[in-house]
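Asks: Provided below are the primary sequence and the corresponding predicted coordinates.
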Amino acid sequence: MKSFNTLSKLECEEVFPQIYFSANEKWKSANFISKRGDYSSSTFLMISCIEEYLKSLILALDGNGFKFRQVKGFDL
C-alpha cells in the first residue's frame, strides 16, 4: 500500500486531481444534506472534505517541488 512517504513526485502530480475532485463531489453532497436540515451529518462531511482538499493541496505542492517530506515532524 502506498503512503505519502512512498509516493514519487510524478505520482503526487497524478493523484492529487483525483483526491480534489472526490472531495469536491462530497462537498456538493454535504451542501445538499445541509439544505435538508441535517446539519450534524453535513458538518461531519464538510470537515472530511476539508481534510481531503488539504491532502490534495499538499500532494499538488509536493508534486511541483515543495519539499514537504523534508519538513521536520511532517507526516501525512
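Replies: Perfect, I can see it now.

Asks: Dead centre of this structure: give me the residue that sits there.
Replies: Note on the chain: the residue nearest the mean C-alpha position is residue 52, at 2.2 Å, using CA atoms, centre = their mean.

Asks: ok, that one to residue 23 distance?
Replies: Using CB to CB, to the nearest Å, one gets 4 Å for the distance from residue 52 to residue 23. Every residue, glycine included, has its C-beta placed from N, CA and C.

Asks: could you point out where this structure is predicted with low confidence?
Replies: Low-confidence regions of the chain, defined here as pLDDT under 70, cover residues 1, 4, 74-76.

Asks: now do 90
Replies: With pLDDT under 90 as the threshold, the chain has low-confidence stretches at 1-14, 58, 62-76.

Asks: Show me what counts as buried in the longest helix along it.
Replies: Scanning the chain for the helix with the most residues, using DSSP state H, yields helix 9-35. Residues of helix 9-35 classed as buried: 12, 15-16, 19-20, 23, 26-27, 30, 33-34 (neighbour count, 16 or more other CB atoms under 10 Å).

Asks: can I get those residues in TSV with distance to residue 62?
Replies: Formatted as TSV, the buried residues of helix 9-35 follow (distance: CB to CB, whole Å):
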residue	distance to residue 62
12	5
15	10
16	9
19	12
20	14
23	17
26	22
27	22
30	26
33	32
34	32
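
Asks: for those residues, which one is nearest residue 73?
Replies: For residue 73, the nearest member of those is residue 12. The distance, counting by CB to CB, is 19.5 Å.

Asks: how close does that closest one sit to residue 56?
Replies: In this structure, residue 12 lies at 10 Å from residue 56, with CB to CB as the measure.

Asks: Which residues outside stretch 44-56 are in contact with it?
Replies: Contact partners of stretch 44-56, identified using CB atoms under 8 Å, 6 or more residues apart in numbering, comprise 16-17, 19-20, 22-24, 26-27, 29-30, 33, 76.
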